[in-house]
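A.B. asks: Quick check, what structure comes out for this input:
(4 chains)
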Protein chains: 2
Amino acid sequence: MKLAQMKTVEDAAPGVAHGCMDDELGFHLRRSQVAAFKHFGQTVTAAEGITPGLYGMLQVIANNSGLTQSALAEAMDVDRSSIVKVVNQLEDKRLIVRDASPTDRRSYCLRLTSFGRNELARIEQAVTAQDREFSKALSEAERHTLIGLLKRLYK
Amino acid sequence: MKLAQMKTVEDAAPGVAHGCMDDELGFHLRRSQVAAFKHFGQTVTAAEGITPGLYGMLQVIANNSGLTQSALAEAMDVDRSSIVKVVNQLEDKRLIVRDASPTDRRSYCLRLTSFGRNELARIEQAVTAQDREFSKALSEAERHTLIGLLKRLYK
DNA sequence: CAGGATTGTTTGCCTGGTCAACAATTATCC
DNA sequence: GGATAATTGTTGACCAGGCAAACAATCCTG
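C.D. replies: Numbers count the residues shown, from 1 in each chain, chains lettered A, B, ... in the order given. Now for the predicted structure:
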């Protein structure tokens, strides 16, 4: 507990105790997610220039072609106003378009461009590779167990 | 009657497909963490007025009494300058103090006040209750399995 | 003792989220 | 049919929480 001893240790937080947080799921959830985010940034974002958030949006648009910005907001559990910037970014990158809705002149139908489809196909490979690399400490069976447990958390 | 807006809200994204993200660990990690954060906010933060971040800092200080702000920054994997605001907040709430270090006049030794100890004890109960409530879909064995798998991810 | 590290702090900036307001449009109800 | 309510996208103000650079005070090293 002496300061002098703590300062001599120089690795990333080796000696700090976390108390009862060691048995709290939320704590480990947060740490894992931060680590995953960092790993994504060092690989996919560095190579493809796309953030986890943008990638998620792109996937949802790709798999629900023609959906509305409000629907996207609801699917992402985020405010409608937050969607605007993201859609702008994706449109600026020529990955998606705001198509006019044939039935509602207020809303847009979000769709991938053909360029966006090609890009996504490439990025997808990078992301799945990154995901497997990130979880390389786990066997494939353990990885699926983990995903299954996580799914049950937010259902 | 506004029946038109009875779109299921608790289940984010009722009909949206996620494509290959359904098999990506990072995706589920993020969703789980967001859900955990939200749950924390609706229970602990609403009742005790403390955020997950502040709670984590408080726990690390409590379990490593006398540690330096730089040590705290390293333990939290965050910039030194980010620590300042947090320590200010905790000090404003009279939960911790910046003690003068006996060996280094540049740095402070962070310690809980006795009030802070009492508060933390109470908050701890709320947090562990919240954590168990959040993971109520899992058995105790599954919860520990999950924590074990998560630990191996960021080690 | 001189010069280089370290500590806490301030400042500025970015990202990503909320909220309130608003015009255009659509839906509802009498 | 027409008044009224609800929805859609957008903007602007705001806030939390990160980083990076600069800085004075203090330590450490040679």
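
A.B. asks: Isn't residue A:76 up against residue A:56?
C.D. replies: Yes: here residue A:76 lies in contact with residue A:56, judged by Cβ atoms under 8 Å, at a distance of 7.1 Å. To be clear about C-beta, it is placed using only N, CA and C from the backbone, and glycine gets the same treatment.

A.B. asks: which bits of chain A sit near DNA strand D?
C.D. replies: For chain A, the residues in contact with DNA strand D under the definition Cβ under 7 Å from any atom of the strand are A:68-70, A:73, A:80-81, A:83-84, A:87, A:98, A:104, A:106-108.

A.B. asks: who's in contact with the longest helix along chain A?
C.D. replies: Among the elements of chain A assigned as helix by DSSP state H, the one spanning the most residues is helix A:114-134. Contacts of helix A:114-134 from elsewhere in the structure, counted by Cβ atoms under 8 Å, 6 or more residues apart in numbering or on different chains, are A:35-36, A:39-40, A:43-44, A:47-48, A:50, A:55, A:58-59, A:62, A:90, A:94-96, A:112, B:20, B:23-26, B:153.

A.B. asks: list the buried ones in that helix?
C.D. replies: Taking 16 or more other Cβ atoms under 10 Å in any protein chain shown as the basis for neighbour counts, the residues of helix A:114-134 that come out buried are A:116, A:119, A:120, A:123, A:124, A:126, A:127, A:130, A:131, A:134.

A.B. asks: Tell me the one of the residues you listed nearest residue A:140?
C.D. replies: Proximity of those to residue A:140, judged by Cβ to Cβ, is greatest for residue A:131, which lies at 12.0 Å.

A.B. asks: leaving aside the residues next to it on the chain, what's closest to that closest one?
C.D. replies: Counting by Cβ to Cβ, 6 or more residues apart in numbering or on different chains, residue A:131 lies nearest to residue B:24, which is 4.8 Å off, once chain neighbours are set aside.

A.B. asks: Counting neighbours, what do you get for residue A:100?
C.D. replies: Residue neighbour count, defined by other Cβ atoms under 10 Å in any protein chain shown, stands at 10 for residue A:100.

A.B. asks: Go through the helices and strands of chain A and name the one with the lowest mean pLDDT.
C.D. replies: Using mean pLDDT, DSSP states H and E, the weakest-scoring helix or strand in chain A turns out to be helix A:3-8, at a mean of 32.

A.B. asks: Tell me the helix or strand right after that helix.
C.D. replies: Next helix or strand after helix A:3-8 toward the C-terminus (DSSP states H and E): helix A:25-40.

A.B. asks: Please name every helix or strand in contact with that following helix.
C.D. replies: Under the contact criterion of 3 or more Cβ pairs under 8 Å, 6 or more residues apart in numbering or on different chains; DSSP states H and E, the helices and strands touching helix A:25-40 comprise helix A:114-134, helix B:25-40, helix B:52-63, helix B:114-134, helix B:140-153.

A.B. asks: ok, back up a step: got the buried residues of helix A:114-134 as TSV, with pLDDT columns?
C.D. replies: Supplementary listing: those in TSV, determined by pLDDT from 0 to 100:
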residue	pLDDT
A:116	96
A:119	96
A:120	96
A:123	96
A:124	96
A:126	95
A:127	96
A:130	95
A:131	95
A:134	95
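
A.B. asks: now these as CSV including distance to residue A:148?
C.D. replies: As requested, those are exported to CSV (distance: Cβ to Cβ, whole Å):
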residue, distance to residue A:148
A:116, 31
A:119, 31
A:120, 26
A:123, 26
A:124, 22
A:126, 25
A:127, 20
A:130, 21
A:131, 16
A:134, 18
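
A.B. asks: Out of those residues, which is nearest to DNA strand D?
C.D. replies: Nearest to DNA strand D among these is residue A:116, at 17.2 Å by Cβ to the nearest atom of the strand.

A.B. asks: And that closest one, how far from residue A:79?
C.D. replies: Relative to residue A:79, residue A:116 is positioned 24 Å away (criterion: Cβ to Cβ, to the nearest Å).

A.B. asks: thinking again about what came up before, go through the helices and strands packed on helix A:25-40 and name the closest to residue A:149.
C.D. replies: Evaluated with Cβ to Cβ, those place helix B:140-153 nearest to residue A:149, the distance being 4.6 Å.

A.B. asks: Now do the buried residues in that closest one.
C.D. replies: For helix B:140-153, the neighbour count (16+ other Cβ under 10 Å) marks B:143, B:145, B:146, B:147, B:149, B:150, B:153 as buried.

A.B. asks: what sits against the residue lying closest to the fourth one once chain neighbours are set aside?
C.D. replies: This points to residue B:147. With Cβ to Cβ, 6+ apart as the measure, residue A:28 is the residue that lies nearest to residue B:147, at 5.4 Å, once sequence neighbours are left out. With contacts taken as Cβ under 8 Å, 6+ apart, residue A:28 has the following neighbours: B:147, B:150, B:151.
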